[in-house]
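S.K.: Mind folding the following:
(one chain, ligands or ions: 1)
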Amino acid sequence: MSEIISVVGVSKKFDKVAVLKNISFQLRKGELLALLGENGAGKTTLISMILGLLKPDQGSITILEHRPGSFQAKHRIGVMLQSASLPDKLTVIEQLRLFSAYYTHPLELEEVIASAKIGTFLEQPIGVLSGGQKQRLLFALALLGNPDALILDEPTVGLDAESRRVFWQCINDLKSQGKSIILTTHYLDEAEALADQVVLLHRGSVVLNDTTSSIKAQIKYREVQFVSEHTLDALITAIGEQSIQQQGKTFSVQTLVPETLITNLVKHKVPFNDLVVKPISLEDAVDRVSKLTLGVAV
Ligand SMILES: Nc1ncnc2c1ncn2[C@@H]1O[C@H](COP(=O)(O)OP(=O)(O)OP(=O)(O)O)[C@@H](O)[C@H]1O
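M.R.: Predicted coordinates for the structure are as follows:
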């Protein structure tokens, strides 16, 4: 069976206000689904329902055909929540041993320690860990029960670039072991680096549910980037009124026809070098597709 988590037609109201409207998506085996959306879009409410902490008013959720919150479902899911708190005085290894005792068939501690890359600070009390170390410990605890699926709620929030990269590597390793993951994040570069599928919530509705490659393929825009001594005004004269991003002497323009843009640069004798034509980022693609879905001009 390839569907690990199935969400079908789920709706939820709080105090007569609809916060989730007819949500459906499937998490497939070995894939990572990025659940995106602005603050208040409904991500946490949905995660709470997948964990069985809240009940949908309508629709259904199954975890490997089990009911959320059931004994079987709980044993198939590992969770890393933002709100988790741990005792400051226990050391990392003590905490791991304690959690390990809760499971009948936990993973070997050595395996968890290697997967979460926490071997260098096992004897430290939790209270002195850095933000990145603490996040990796929470990640290790989510792995301990050897779950089929993981729910990671903004796992890299507040981490520096290097810690985020380490985390991404841990997550990609898990995917290659066949684990299925739902990840909520506000970082689109994170979704681009990790996700197979993107579900974008906007005010409680799904406005986008597609694979990352298909989202990017739907958008035919390309990004043309180059370095030039010209001023922005001179460039606009040469290539017309387009949305030009400038960072120092580096300019980038999103266009449907890069050939025309480059021809115009040459025709108007605009000096340029380090020319790159590339697909637009997932962030820009999501932005354009969701605006199209919502009927906003792009
Ligand atoms: N227990 C509750 N009672 C009433 N309203 C609630 C409750 N929990 C959430 N809400 C409301 O439901 C909406 C969705 O909230 P939710 O926390 O699911 O959003 P989110 O996408 O997780 O946001 P964030 O990115 O800020 O974490 C918000 O308008 C929130 O105020």
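S.K.: pretty sure D173 contacts K117?
M.R.: No - if you go by Cβ atoms under 8 Å, D173 and K117 don't touch, sitting 9.4 Å apart. No exception for glycine: its C-beta is placed from N, CA and C like everyone else's.
S.K.: Comparing these two, which shows the higher neighbour count?
M.R.: Of the pair D173 and K117, K117 is the one with more neighbours under other Cβ atoms under 10 Å, namely 17 against 14.
S.K.: for the more buried one, helix, strand, or coil?
M.R.: Remark: K117 carries the secondary structure label coil [criterion: DSSP: H, G, I helix; E, B strand; the rest coil].
S.K.: That one and V166 touch, don't they?
M.R.: Yes - the pair K117 / V166 is scored as a contact, 6.0 Å apart, by Cβ under 8 Å.
S.K.: Need the overlap of contacts for these two.
M.R.: R136 (Cβ atoms under 8 Å, 6 or more residues apart in numbering).
S.K.: From the contact counts, what lies against the longest helix along the chain?
M.R.: Secondary structure assigned by DSSP state H gives helix 161-176 as the longest helix of the chain. When contacts are defined as 3 or more Cβ pairs under 8 Å, 6 or more residues apart in numbering; DSSP states H and E, helix 161-176 packs onto helix 109-115, helix 131-143, strand 180-184, helix 188-194.
S.K.: Between these, which one is closest to the ligand.
M.R.: With respect to the ligand, and counting by Cβ to the nearest ligand atom, the nearest of the helices and strands packed on helix 161-176 is strand 180-184 at 7.1 Å.
S.K.: so does that closest one get close to the ligand?
M.R.: No - using Cβ under 6 Å from any ligand atom, strand 180-184 stays clear of the ligand, with a minimum separation of 7.1 Å.
S.K.: Start at 81, not 1
M.R.: In the new numbering, first residue 81, that becomes strand 260-264.
S.K.: Restrict that strand to CA atoms and write it as PDB.
M.R.: The C-alpha trace of strand 260-264 is given here as PDB (Å, rounded to 0.1, in the frame of the first residue of the first chain):
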ATOM      1  CA  SER A 260       7.100   9.200   4.800                       C
ATOM      2  CA  ILE A 261       7.100  12.700   6.200                       C
ATOM      3  CA  ILE A 262       4.800  15.700   6.600                       C
ATOM      4  CA  LEU A 263       6.800  18.800   7.200                       C
ATOM      5  CA  THR A 264       5.300  22.200   7.900                       C
END
